[in-house]
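*Asks:* how does the following fold in three dimensions:
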Amino acid sequence: MPAVHELESTVALAASPAEVFACLIRPAEVMTLTDPSAGVRLLRGPDVMAEGTANELEITGFGVPQRVIYTVTGFEDRGGAGGAFTETMTKGPLPTFVNEHVVSPAASEEDEAGGCVVHESFRFAPPGGLLGFVLTVDRLRAELEKGLTYRRQALLDRFGAG
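*Replies:* The predicted structure follows:
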């Protein structure tokens with residue numbers, strides 16, 4: 001089994017945790033926050049994610065189109081305090097790919113405007129065999145970082161800086 005690598009990102013937003021969480025659990029909304037140049041297309045998915053739901057995507061960013069399925073393997077809606085969910089690649093080229101999303105209230109208790117913090121983390125391992133020569137750790141990390149940078153800016157543009 002190849003080594004598992006990690007990558008994390010956090011962004012503070014001016015919107016309420018409930019508003020941001022409601023956006024992030026809607027696959028069609030998430031696609032509006034995804035870099036169009038990444039070559040990701042939503043093929044099928046629920047209107048709103050919940051434990052056990054799955055999104056089927058086509059990813060063309062690495063040359064040959066790949067169909068992948070991400071299944072929601074953990075889900076916690078905390079109402080006005082946001083929530084958390086985990087997506088696990090259950091079909092696709094990587095032996096390990098887990099994406100965790102946590103939306104929580106901003107840390108400042110005296111901040112009457114509210115706001116929230118979005119924390120996203122990835123755990124991933126490159127594939128073996130010939131595909132492993134293309135999808136190296138460095139390439140996967142670079143693509144994930146590029147996607148996170150785009151997502152961070154899209155969230156800031158949509159919800160404002162917290």
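*Asks:* only C-alpha atoms for contact and neighbour calcs from this point on.
*Replies:* Fine.
*Asks:* now do the residue most central in space within the chain, the pLDDT please.
*Replies:* Nearest to the mean C-alpha position of the chain, by C-alpha atoms, centre = their mean, lies Asn99 at 5.6 Å. Looking at Asn99, its pLDDT is 98.
*Asks:* in three-state terms, label it for me.
*Replies:* Following DSSP: H, G, I helix; E, B strand; the rest coil, the label given to Asn99 is strand.
*Asks:* how about the contacts made by Arg44?
*Replies:* Residues counted as contacts of Arg44 (C-alpha atoms under 8 Å, 6 or more residues apart in numbering) are 55-57.
*Asks:* helices along the chain, start to end?
*Replies:* 17-24, 27-31, 131-134, 137-159 (DSSP state H).
*Asks:* just those helices: most buried one?
*Replies:* helix 17-24 (a mean of 21; mean count of other C-alpha atoms under 10 Å).
*Asks:* so what's the closest residue to Thr88 other than its chain neighbours bridging to?
*Replies:* Of all residues beyond its chain neighbours, the one nearest Thr88 is Val98 (4.5 Å), with distances taken as C-alpha to C-alpha, 6 or more residues apart in numbering. Beta bridges link Val98 to Thr88, Arg123 when assigned by DSSP bridges.
*Asks:* wait, Val98 touches Thr90, no?
*Replies:* No: shown here, Val98 and Thr90 do not form a contact pair, counting by C-alpha atoms under 8 Å, at 9.5 Å.
*Asks:* and of the helices of the chain, who's closest to Gly79?
*Replies:* helix 17-24 (6.2 Å; C-alpha to C-alpha).
*Asks:* for that closest one, packing partners?
*Replies:* Applying 3 or more C-alpha pairs under 8 Å, 6 or more residues apart in numbering; DSSP states H and E, one finds that helix 17-24 makes contact with helix 27-31, strand 83-91, strand 96-105.
*Asks:* now do Ala28 against Val48, distance only.
*Replies:* Using C-alpha to C-alpha, to the nearest Å, we find Ala28 at a distance of 9 Å from Val48.
*Asks:* what's opposite Ala84 in the beta bridge?
*Replies:* Glu76, Val102.
*Asks:* mind listing what it touches?
*Replies:* 21, 74-78, 100-103.
*Asks:* scan the contacts of Arg44 and report the most crowded one.
*Replies:* Taking other C-alpha atoms under 10 Å as the neighbour criterion, Leu57 ranks highest of these with 20 neighbours.
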